[in-house]
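> need coordinates for the following:
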Amino acid sequence: MFAESPINHHIYKLVCMLILILGKNVQAQREIKPCQQEPAFIRTLGYDPLWTALSTSEKKTVGIVLVQFEQQAGQTAPTSQTPQRSVYQHPSWQSAGYMSSITFDKDGNAYSIPTPLISMLYNPKEKLNTIYRIDAYTGVMKEWFSLPYAAKPSSGNPYGLLGITYDCTAGLLLAATVSGSDRYSEKGLIYSIHTATRKIADTLKAKDAMALTVAYDEKDQKRLYFGRTRTGEIYSLPLTAEGKFIHKQMRKELSLEGYGPRGDDKARKIKFAGGTMMVSGVAFNYNLQASSEKPETNYSFRWNNQQKKWELYDLN
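Alright, predicted model coming up:
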């Protein structure tokens, strides 16, 4: 459920190009131009960055791996059908246990978060609010920043950090934790962190979230978009250049409730391409075993600039 697909970033580049034909509203909401760099250690190891990807989706392998794909004739990048050629793992990439989201900064450093899968065997509770970083040049993964807990994970909620993303325009890392929440109370936190200083710029309290991304809205204002883990709703609020949240301007963007094969999906990942918001939805009930067995559903919402709202136009 929480695995990071090794070909997502390649597919996303292709989707961004295809979205340009969708119509007159495509520029109403738009992604921030990527500034992330491929880690330099990939070439040092002798791999072609275009045909490799860091992944957490290899369920038989604990931690992060570097997947090398077979280069196919007539293809410029891997697809979901491209076979794997090899898998590489630095010894340090297992040190945090099972992991989920991966995001890159402008220097090629990769940030990831520990997320238990099936059981807590490989993921100690005291590390579930710790962000890890793979150095762009050495390839070594170390603890980068341990975030404060609202309350420690418990048997009723074994999760800590669930979402992470990088804001290219301000050098900010955004991270969401649900640690301490339970069926009766929402204690989740979303942190805005300056990567250069490792200082917390701001905190959004009492919000359990998983999917995080930063994009420009219909007024060209930068906003943090986040998917809530309790309701299936996606909210957003402005994010300043200093990393501050403008709390009073928070708004509901859309809800996944009633859509898809289950009707109760929560947003695991959000991406933008022009006027389209692409959402990966999963079942999430703060339960390791049940959640890990449910497949994802991909939703595409298009921004209606006349009615000022999102409209679902595709799901699969």
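
> where along the stretch 101-250 of the chain do the strands fall?
Under the criterion DSSP state E, counting those that start in this stretch, the stretch 101-250 of the chain contains strands at 110-114, 130-134, 141-146, 161-167, 172-177, 189-194, 199-205, 209-216, 222-228, 233-238.

> contact partners of the first one?
Outside strand 110-114, the residues within contact range by Cβ atoms under 8 Å, 6 or more residues apart in numbering are 4, 39, 54, 56, 64, 96-105, 123, 127-128, 130-134, 136, 141, 144, 160-164, 166, 173, 175. Every C-beta, even on glycine, is put in place using the N, C-alpha and C of the backbone.

> before we move on, back to that, between the strands of the stretch 101-250 of the chain, which gets nearest to residue 154?
Smallest distance to residue 154 across the strands of the stretch 101-250 of the chain (Cβ to Cβ): 13.6 Å, for strand 172-177.

> partner strands of that closest one, with direction?
Strand pairing for strand 172-177, determined by DSSP bridges: strand 161-167 (antiparallel), strand 189-194 (antiparallel).

> turn these into CSV, including distance to residue 280 and mean pLDDT.
Converted to CSV, the strands paired with strand 172-177 look like this (distance: least, Cβ to Cβ, whole Å; pLDDT from 0 to 100):
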stretch, distance to residue 280, mean pLDDT
strand 161-167, 12, 97
strand 189-194, 19, 98
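
> most tightly surrounded among those?
strand 161-167 (a mean of 25; mean count of other Cβ atoms under 10 Å).

> any idea which of the strands of the stretch 101-250 of the chain gets closest to residue 306?
strand 209-216 (18.9 Å).

> against which helices or strands is that closest one packed?
Applying 3 or more Cβ pairs under 8 Å, 6 or more residues apart in numbering; DSSP states H and E, we find strand 209-216 packed against strand 30-31, strand 161-167, strand 172-177, strand 222-228, strand 266-273.

> which residues touch it?
Contacts of strand 209-216 (Cβ under 8 Å, 6+ apart): 29-32, 162-165, 167, 169, 172, 174-176, 178, 188, 190, 222-229, 234, 239, 266-272, 279-280, 284.

> and those residues, which are buried?
Buried positions within the contacts of strand 209-216, assessed by neighbour count (16 or more other Cβ atoms under 10 Å), are 29-32, 162-165, 167, 172, 174-176, 178, 188, 190, 222-229, 234, 239, 266-272, 279-280, 284.

> hmm, back to that, adding distance to residue 78, write the strands of the stretch 101-250 of the chain out as JSON lines.
Supplementary listing: these in JSON lines, determined by distance: least, Cβ to Cβ, whole Å:
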{"stretch": "strand 110-114", "distance to residue 78": "18"}
{"stretch": "strand 130-134", "distance to residue 78": "20"}
{"stretch": "strand 141-146", "distance to residue 78": "23"}
{"stretch": "strand 161-167", "distance to residue 78": "22"}
{"stretch": "strand 172-177", "distance to residue 78": "27"}
{"stretch": "strand 189-194", "distance to residue 78": "31"}
{"stretch": "strand 199-205", "distance to residue 78": "35"}
{"stretch": "strand 209-216", "distance to residue 78": "22"}
{"stretch": "strand 222-228", "distance to residue 78": "26"}
{"stretch": "strand 233-238", "distance to residue 78": "28"}
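
> residue 110: neighbour count?
23 (other Cβ atoms under 10 Å).

> wait, I meant residue 144
Neighbours of residue 144 (other Cβ under 10 Å): 18.
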